[in-house]
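*Asks:* any chance you can model this:
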Amino acid sequence: MSLSTIETSKVLHFDFLQDEKQIELTNVLENTLPYIKDLSKKAFLNKDKEAWNTIQKVLFKLNMNMFEKGFDPTKNENVASYLVRGTIMNVEKEATETVVPPVTEKKAFLEYLLKLVKEHPANTHPFLDYINSGQMTKEEARLFIGNYRVINEFFHLHIAILSYFSPLEFRGTMYENLNDELGQGDIKKAHPTIFKKLLAALEVPNHFAFLPESIATLNNMVSLTAFSNYLYGLGAMGALETAVPLQQSKIANGFRQIGLDSSALEFFDTHVEIDVVHGEQWFESLQEVIETKDDCIAVLNGAKSILDARVVFYDGLWNEINKNK
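*Replies:* Residues are numbered from 1 along each chain as shown. Presented below is the predicted three-dimensional model:
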């Protein structure tokens with residue numbers, strides 16, 4: 001099943017999302033973009049949850065189209081999607097405060113960044129503590145894995161896309177990471193493949209309704225790796241690879257307590273081990289590309305953005321679990 005079959009709200013009738021039409025760009029400029037801008041302001045500036053949910057669904061559809069079909073600039077729907085994405089990102093940027101690090105000397109900054117990553121609330125979220133405590137039910141595990149799929153399935157593509165824009169000094173680290181994600185040439189050991197063991201063990205249905213917070217996490221990663229200055233992406237992926245083992249050790253422990261065997265848990269166990277190395281490699285490589293204060297600001301804000309998005313992801317799951325109790 002394609003992830004793009006996610007059930008979307010009625011607002012997604014926009015012409016630029018319809019594959020069968022050669023849309024009129026004039027209509028997009030005069031009607032769609034003003035509507036999207038207003039909706040984005042409600043979502044990001046006014047914190048309107050319904051508007052935010054809709055914007056995430058729009059971005060998700062754009063991202064799935066890009067992953068599955070590429071980007072042909074001769075097609076009006078692709079030009080329109082680029083304009084819509086830019087409108088959303090500009091409003092979100094307006095609503096997001098830029099964080100300036102207290103230190104910008106390279107070594108001191110990376111030490112500060114590493115401390116910030118390890119102490120980020122994403123690593124100590126109540127949802128993770130709940131899983132780790134052994135209270136999670138199989139139905140809740142199914143909810144988690146079903147939603148985690150939307151993050152995992154395309155993770156290797158974020159690295160691949162980012163490598164296209166990144167300096168030569170960083171590409172060795174990125175390709176080593178990508179090689180691990182793809183099973184070092186053995187597709188049976190590729191991380192998307194071994195993740196399917198979890199889906200099968202928990203009998204996660206093919207037609208799964210992702211939470212808005214889950215698709216927002218994917219949207220955030222696409223934005224940082226494909227549509228931002230590469231330093232934002234490097235900071236983001238370095239932070240994520242460093243934080244993941246801190247989170248997934250709790251997740252693996254919780255899943256063992258509901259009776260899953262080591263074969264089903266290979267995905268989490270692998271990441272607990274290998275991402276420690278990946279995180280160290282990303283931070284070492286950051287030393288080769290950080291030169292200025294602006295570089296530090298970009299890396300820091302990329303790291304913060306992706307970890308904040310992971311908090312949103314866990315918030316969505318935690319709220320859903322508590323709603324059903």
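*Asks:* quick one: buried residues of the host helix or strand of Ala51?
*Replies:* According to DSSP states H and E, Ala51 maps onto helix 49-69. Across helix 49-69, burial judged by 16 or more other CB atoms under 10 Å covers 51-67. Where you see a C-beta, it was placed from the backbone N, CA and C, and this is true even at glycine.
*Asks:* how far does it sit from its chain's centre?
*Replies:* 13 Å (CA atoms, centre = their mean, to the nearest Å).
*Asks:* same question for stretch 261-269.
*Replies:* The answer for stretch 261-269 is 22 Å, by CA atoms, centre = their mean.
*Asks:* what residues of that stretch count as buried?
*Replies:* By 16+ other CB under 10 Å, the buried positions in stretch 261-269 come out as 264-269.
*Asks:* next, format those residues as CSV and append pLDDT and distance to Ala200.
*Replies:* Output for these, formatted as CSV (pLDDT from 0 to 100; distance: CB to CB, whole Å):
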residue, pLDDT, distance to Ala200
Ala264, 82, 8
Leu265, 83, 13
Glu266, 85, 12
Phe267, 85, 12
Phe268, 83, 15
Asp269, 80, 17
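*Asks:* which ones among the residues you listed map onto helices?
*Replies:* Mapping the buried residues of stretch 261-269 onto helices (DSSP state H) picks out 266-269.
*Asks:* for Ala190, what are phi and psi?
*Replies:* Phi and psi for Ala190, reported as degrees, to the nearest 10, are phi -60, psi 140.
*Asks:* from Leu162, how far off is the residue nearest to it when sequence neighbours are not counted?
*Replies:* Nearest residue to Ala190, sequence neighbours excluded (CB to CB, 6 or more residues apart in numbering): Gly183, at 3.9 Å. Relative to Leu162, Gly183 is positioned 20 Å away (CB to CB, to the nearest Å).
*Asks:* between the two, which is the more surrounded one?
*Replies:* Neighbours were counted for Gly183 and for Leu162 using other CB atoms under 10 Å; Leu162 has more, 24 against 16.
*Asks:* ok, residues contacting the host helix or strand of the more buried one?
*Replies:* Using DSSP H and E, the element containing Leu162 is helix 155-165. By CB atoms under 8 Å, 6 or more residues apart in numbering, the surrounding residues in contact with helix 155-165 are 67, 170-171, 174-175, 177-178, 181-182, 190-192, 221-222, 224-226, 230, 233-234, 237.
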